[in-house]
Every structure is written in structure tokens, then in C-alpha cells.
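1. The sequence and its predicted three-dimensional model are supplied below.
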Amino acid sequence: MYFQASSSVMLLFNFWNVHGPGGMVLSVFVVLLLTVIYELLKVWKTTLAQQFKRNSAPPVPAAFASAPPCSPPEQERPDNSSALANSLSESSLVTTENTSTTAVITPPVNGWLLHCLQTVLHIVQVVLGYMLMLCVMSYNIWIFLGVIVGSLLGYFLAFPLLGHVK
């Protein structure tokens with residue numbers, strides 16, 4: 001098979017049968033828009049993944065949330081065992097008597113909603129990606145260029161939004 005530049009092609013379904021230059025221009029425009037939507041879905045899914053990571057942080061006891069910073073190991077180690085007893089690793093193993101600050105920080109309930117929305121977006125993205133692949137497999141040069149230009153425009157428009165989300 002090879003690419004051809006004809007103005008008649010059947011895309012995806014029997015009802016999307018293109019005959020003539022006007023239909024080809026409209027079809028290229030629709031494919032271009034579908035590709036831009038595909039790129040926007042990728043950015044939206046990445047944004048939701050970042051929100052999901054923030055909301056689904058593992059529960060951390062409040063007593064450990066304000067642990068003192070670790071200091072670098074000393075250059076010289078003395079031979080006696082009193083240095084081991086005074087090290088940060090030994091002192092962190094001692095249980096604290098203040099149990100009132102061990103409240104657990106839990107993620108919000110909407111973590112499941114974000115995960116469900118991510119799953120739906122993933123399915124839509126996969127279906128749209130396969131549809132665009134099948135459009136390219138029509139081996140029509142104009143449809144192929146519509147997918148390429150749509151990907152270019154979608155990337156150009158969507159990915160700067162990732163910088164504003166953080």
C-alpha cells in the first residue's frame with residue numbers, strides 16, 4: 001500500500017464516504033479537530049494525575065511529619081560505643097511519650113472520583129487514538145496531513161497549560 005492524493009476516500013464508517021474536494025476539506029478539518037481534542041485529553045489526564053497524586057498521599061502520622069532533618073555522617077568515627085548511642089538514628093528509635101500528636105492525615109474522599117474520571121478519560125483517549133490511527137491507515141495524504149497538523153496544533157495549544165497548572 002502507498003499514500004495517494006485522491007479526493008475520494010471512506011473513513012472509519014460507511015456513512016463517512018468522501019466524494020469530491022469539498023468533502024475532503026471538511027473531513028480533513030474534522031480529523032484535525034479530533035487530533036487536537038486527543039492532545040487536549042492527554043494534558044487533562046496528566047493534570048488529573050497530578051491532582052490525584054496530591055490527594056492520595058499516603059497517611060502520615062503527624063508525629064513523623066515534623067521529624068528533625070538528618071545530619072551528614074561524621075568524618076571520623078571514634079572507637080567507643082557512646083557515639084552510636086548519641087547518633088540521630090538511635091535517638092529516632094526512642095518512643096515518644098506525647099501521643100496526642102499522632103493524628104493520621106487522610107486523603108479527601110474525592111480521590112475515587114478523580115480516579116474514575118481518569119479512567120474514563122483514558123478510555124476516550126485510547127478509542128480516539130485508534131480512530132485516528134485508522135484514519136491514517138486510509139492511506140490518503142490529505143487525511144494524514146490533517147492528523148499531523150492537528151497533533152502539532154494540539155501540542156502547541158495544550159502543553160503550555162501544564163506549566164500554569166502546577
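-> Yes, it's here. Since the structure is predicted, the reported quantities are computational estimates derived from the model, not experimental observations.
2. Now the phi/psi pair for residue 16, please.
-> Backbone geometry at residue 16, expressed as degrees, to the nearest 10, gives phi -100, psi 60.
3. Find the nearest non-adjacent residue to it, please.
-> Among residues not flanking residue 16 along the chain, residue 10 sits closest, at 6.7 Å (CB to CB, 6 or more residues apart in numbering). For every residue, glycine as well, the C-beta is placed using N, CA and C.
4. Could you list the alpha-carbon positions for stretch 110-120 in CSV?
-> The C-alpha coordinates for stretch 110-120 follow below in CSV (Å, rounded to 0.1, in the frame of the first residue of the first chain):
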residue,chain,number,x,y,z
ASN,A,110,-12.9,12.8,46.0
GLY,A,111,-9.8,10.7,45.3
TRP,A,112,-12.1,8.0,43.9
LEU,A,113,-13.9,10.5,41.7
LEU,A,114,-10.6,11.7,40.3
HIS,A,115,-9.6,8.1,39.6
CYS,A,116,-12.9,7.3,37.9
LEU,A,117,-12.6,10.4,35.8
GLN,A,118,-9.0,9.5,34.9
THR,A,119,-10.2,6.0,33.8
VAL,A,120,-13.0,7.5,31.6
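5. Can you give me the buried ones in that stretch?
-> 111, 114, 117, 118 (16 or more other CB atoms under 10 Å).
6. With distance to residue 128 as extra columns, can I get those in TSV?
-> Formatted as TSV, those follow (distance: CB to CB, whole Å):
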residue	distance to residue 128
111	26
114	21
117	16
118	15
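7. What is the least confident helix or strand in this protein?
-> One helix or strand of the chain scores below all others by mean pLDDT, DSSP states H and E: helix 88-92, with a mean of 49.
8. Just confirm residue 29 is within a helix.
-> Yes. Assessed with DSSP: H, G, I helix; E, B strand; the rest coil, residue 29 lies in a helix.
9. so it makes contact with residue 146?
-> Yes. The pair residue 29 / residue 146 is scored as a contact, 7.3 Å apart, by CB atoms under 8 Å.
10. Specify which residue of the two has the higher count of neighbours.
-> Higher neighbour count among residue 29 and residue 146: residue 146, with 25 against 12, using other CB atoms under 10 Å.
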